[in-house]
Structure formats: structure tokens, C-alpha cells
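Engineer: Any chance you can model this:
(4 chains)
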Protein chains: 2
Amino acid sequence: MNIQDVILGFIYDEPMSGYDIKQMMENSVSYFFDASFGAIYPALRKMEKEGLVDKQVVQQEGKPNKNMFAITDKGKEQFQHYLRSPINPTVMRSDILIRIFFGRFTTKEKINQWLLAEREKNQALYDSLKLLEEKYPNMERYKRFTLEYGIRQAEMVIGLIDETLSKVMEQEE
Amino acid sequence: MNIQDVILGFIYDEPMSGYDIKQMMENSVSYFFDASFGAIYPALRKMEKEGLVDKQVVQQEGKPNKNMFAITDKGKEQFQHYLRSPINPTVMRSDILIRIFFGRFTTKEKINQWLLAEREKNQALYDSLKLLEEKYPNMERYKRFTLEYGIRQAEMVIGLIDETLSKVMEQEE
DNA sequence: TGGACCATGTAAGTAGTTACATGATTCG
DNA sequence: CGAATCATGTAACTACTTACATGGTCCA
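Structural biologist: Alright, predicted model coming up:
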């Protein structure tokens, strides 16, 4: 999987601009995949050259022109080829977990501070995903799966942190 | 956080070789941080030049020589500086979740196959982490936190997949 | 005897990110 | 009037990974 495959997925149904794609990513898959404009725009350009997408410039009133990209038959083929390719293992890179892992080299106060910040982040993610769930009660099952994944993940982290913090309290009493 | 910081964490207590570091990573933090030899060896070289670590060659019988790296005072300072720096957000890149998110563009059979493979992977991770937990009952609390994180994460994924698969069964009956 | 483990290292390539540039509109 | 949103794009950089090279030992 690379950014090209993900873009093809987003425009499989309906044409989108690079800006649209970035926005869609941000409020649907950002907790397990993210890409910057600096990756999206060059990818679209390359894909146009390769005939995977068609570009159409759309004039807008009071807004800049949009480059709308539609998937071609060749693009659909490419996406289906991706779906048949071996699945890349999930990669995670967590600074906070590395810090906690080496927690013995710093102070309890520092770690508590980290845990509280991490709790807040996960609470915010949880809240936003729950909101999405409420907003789209008839969400298609597969999207629901990934949403549920995010919710449970955040729940898990919050629970683990709360347990850990209460243990710390007990020890200090 | 970069690979240098993580290496400094691993050798903060006791000197290690690049090979040792890779092994330690693999059976402790690999589910939230990973690095290849191609990253570790050049990093150690660079850190030696910068005076963050000291190298000592150790002769071994029946095995190749080892380059053992010990952290210097400057290295410890650098590590403490890392601990005071802003925490990088956790990054995840999940091919399997992207595929499921776009699941409507493929078949139920394909997705079931993906889910089962993902279940197995997580079961294997769960088993190996549970084994670690049993093997080191007096594990230091911070390492335990990250271990518990991995266990709950795997549990969560397995649970979600099982629920999803049983729902699919119901629908097909 | 062939594969796994031990051990180090580099060169080439990749897949991005960050930062900057541009410029109009809308909203508080 | 300044910040945010809309919208696209590139150049420089980074932080790696992959693949290859080397070579000994141990075990089934």
C-alpha cells in the first residue's frame, strides 16, 4: 500500500480534488493513515501521467479553481490489483510508548504528566469518533468497522492510563 | 524521537552491540517501534563521532567480534534532553484498515480472508506477549505498562474481528 | 550440506515530510 | 484587519528501508 492506492480508493466512487482527498482522509482514516499535501499533489500528477486518473479543471465562484480527478478504467484495475497484493504489516511508531518504556530513567511526575496528556488526546479522539458514529447511524459496515476500531483503541488507552494513575495514587498514600 | 534516542535508552544501563540492540528491540518494543540494521549501525557510528557513545571491541570465541557501545555522560545528557522535548504524536500506518475501509469495492470472501489473517497475527502477538508477562512476573512497572498496552490492543482487535465475523454469519443464515 | 544464527557494514533507493510561495474570500 | 479556509504546487531535506557483501559456527 502506498499513497496512490489510497487516493484511488477515495476517488473510486466520485471525482475529487487533492484538497478534497486530504480533507476526507483527515476525518475518516487519519488515525491509521495520513498523508500531507506534499505527497498528495505530486501523486495525483504522476497518476495522471500514468493514465490512472483524468483531470478536469472546475471553475468556482469566489474560490480558486479546482482540479477534479476521476478514476479511469486503468486506475480501477490498478486499485483491484492492490487489493490482490500481499497485505503490508501495520506499522506503528509511538514516541509516548518509547518514553514510558524507558520511564525508569526519569521521574514519576514527568510520567504522570505524559500519561495525562496522552489521556486527553485519546479522549478527544474518542469524542470525535463517537460523534461521527452518531452523525452517520447508517454508515456502511466496512467504514463502521474501522470507526469502531478507533473507538475501542481510544477506550483501551484511556482505561489503561486510568488504571495506571490510580495505582500510582495508591502507592503514594 | 528518532532512532538515536531509542538506542541511547537501550544502552543507558548497560553497554550493547548493534546486534544486541536490534534483538532487544524485537522482543520488547517491536509492536510500537522498529528499526533495521541499516538504521542502527550508521546511527551508532554517528553517535560515536558525536561523543554520545564509546565503542569497545570485544573478542569472542567461535563468534565474530562484537562492537560494544557504552553511553557517555554527553549521551546521557542527550537522552535527558530528549525526555524534555515535545512528544511526537503516535503514527500508525495500517494497510489492513485501509483495505477494510474500502471494503465495499471488493468481495465478502476477500474481506473474511483478510480478517482471519489479521486475527491470526494478533493472536500470535497476544500469545507471545502473554508468555513474556508470565516469564517476567516482576517486570518493572513501566515496561509492564507497554506490555499491557500490546496485550490489550491485540485483545481488542481479536474481539472486534470475532464480533464482525459472527455478524457476517448471521446475515448469511 | 544447507539453513539458521552471530555480527557488521554500506550503497542505492524510496517515500515520504516540512517549509515555502501564491492569492482570493470570508468571518469575527 | 488579521486569521482561517479554500486551493495548488515545488524544492530541499530526512530518515529511513532494502538489498547486497562478508564470513565464521552450530545443528539437524
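Engineer: Strands along chain A, start to end?
Structural biologist: Using DSSP state E, the strands found in chain A span residues A:53-58, A:66-71, A:91-93.
Engineer: so of the ones you listed, which one's packed in deepest?
Structural biologist: Neighbour counts (mean count of other C-beta atoms under 10 Å in any protein chain shown) averaged over each of the strands of chain A peak at strand A:66-71, with a mean of 19. The way it works is simple: take the backbone N, C-alpha and C, and place the C-beta from them, glycine included.
Engineer: rewinding a little: need the strands of chain A in a markdown table (columns: mean pLDDT and distance to chain B).
Structural biologist: Output for these, formatted as a markdown table (pLDDT from 0 to 100; distance: least, C-beta to the nearest C-beta, whole Å):
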| stretch | mean pLDDT | distance to chain B |
| --- | --- | --- |
| strand A:53-58 | 96 | 16 |
| strand A:66-71 | 97 | 11 |
| strand A:91-93 | 97 | 5 |
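Engineer: Quick check: the gap between the residue nearest in space to the middle of chain A and A:Phe102.
Structural biologist: Residue closest to the average C-alpha location in chain A (C-alpha atoms, centre = their mean): A:Ser30, at 1.6 Å. Distance of A:Ser30 to A:Phe102, given as C-beta to C-beta, to the nearest Å: 28 Å.
Engineer: Likewise for A:Tyr149?
Structural biologist: From A:Tyr149 across to A:Phe102, the span is 28 Å (C-beta to C-beta).
Engineer: can you pull the contacts of A:Thr72?
Structural biologist: Residues in contact with A:Thr72 (C-beta atoms under 8 Å, 6 or more residues apart in numbering or on different chains) are A:51-54.
Engineer: let's see 10 Å
Structural biologist: A:8, A:47-48, A:50-54, A:78 (C-beta atoms under 10 Å, 6 or more residues apart in numbering or on different chains).
Engineer: And A:Ser30, by the same measure?
Structural biologist: By C-beta under 10 Å, 6+ apart, the residues touching A:Ser30 are A:22, A:24, A:125, A:128, A:150, B:92.
Engineer: My read is that the fourth one contacts A:Ser28, right?
Structural biologist: No - distance between A:Ser128 and A:Ser28: 11.2 Å, which falls outside the contact criterion (C-beta atoms under 10 Å).
Engineer: so what sits against both of those two?
Structural biologist: Here A:Ser128 and A:Ser28 have A:Gly150 as joint contacts, going by C-beta under 10 Å, 6+ apart.
Engineer: For A:Lys108, which non-adjacent residue is closest in space?
Structural biologist: The spatially closest residue to A:Lys108, leaving aside those adjacent along the chain, is A:Val168, at 6.9 Å (C-beta to C-beta, 6 or more residues apart in numbering or on different chains).
Engineer: other SSEs contacting the helix or strand of chain A with the lowest mean pLDDT?
Structural biologist: One helix or strand of chain A scores below all others by mean pLDDT, DSSP states H and E: helix A:141-172, with a mean of 94. On a contact count with 3 or more C-beta pairs under 10 Å, 6 or more residues apart in numbering or on different chains; DSSP states H and E, helix A:141-172 meets helix A:108-135, helix B:95-101, helix B:108-135, helix B:141-172.
Engineer: Give the other helices and strands that the shortest one contacts.
Structural biologist: The reference is to helix B:95-101. Short answer (3+ C-beta pairs under 10 Å, 6+ apart): helix B:95-101 packs on helix A:3-10, helix A:73-84, helix A:141-172, helix B:108-135.
Engineer: Next, the angle from the last one to helix A:141-172.
Structural biologist: When you say that, I think you mean helix B:108-135. If you take axes from the mean of the first three to the mean of the last three C-alpha atoms, to 10 degrees, helix B:108-135 sits at 10 degrees to helix A:141-172.
Engineer: can I see the domain layout of chain A?
Structural biologist: A:3-84, A:95-172 (automatic domain parsing).
Engineer: could you redo those domains as JSON lines and give each row distance to DNA strand C?
Structural biologist: Output for these, formatted as JSON lines (distance: least, C-beta to the nearest atom of the strand, whole Å):
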{"stretch": "domain A:3-84", "distance to DNA strand C": "2"}
{"stretch": "domain A:95-172", "distance to DNA strand C": "12"}
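Engineer: In TSV, list those along with distance to B:Phe145.
Structural biologist: Listed next are the domains of chain A as TSV, based on distance: least, C-beta to C-beta, whole Å:
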stretch	distance to B:Phe145
domain A:3-84	21
domain A:95-172	5
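Engineer: So which of those domains is nearest B:Phe69?
Structural biologist: For those, the distance to B:Phe69 is smallest for domain A:95-172, at 16.5 Å, taking C-beta to C-beta.
Engineer: Off-centre distance for the closest one?
Structural biologist: Distance of domain A:95-172 from its chain centroid, counting by C-alpha atoms, centre = their mean, to the nearest Å, is 16 Å.
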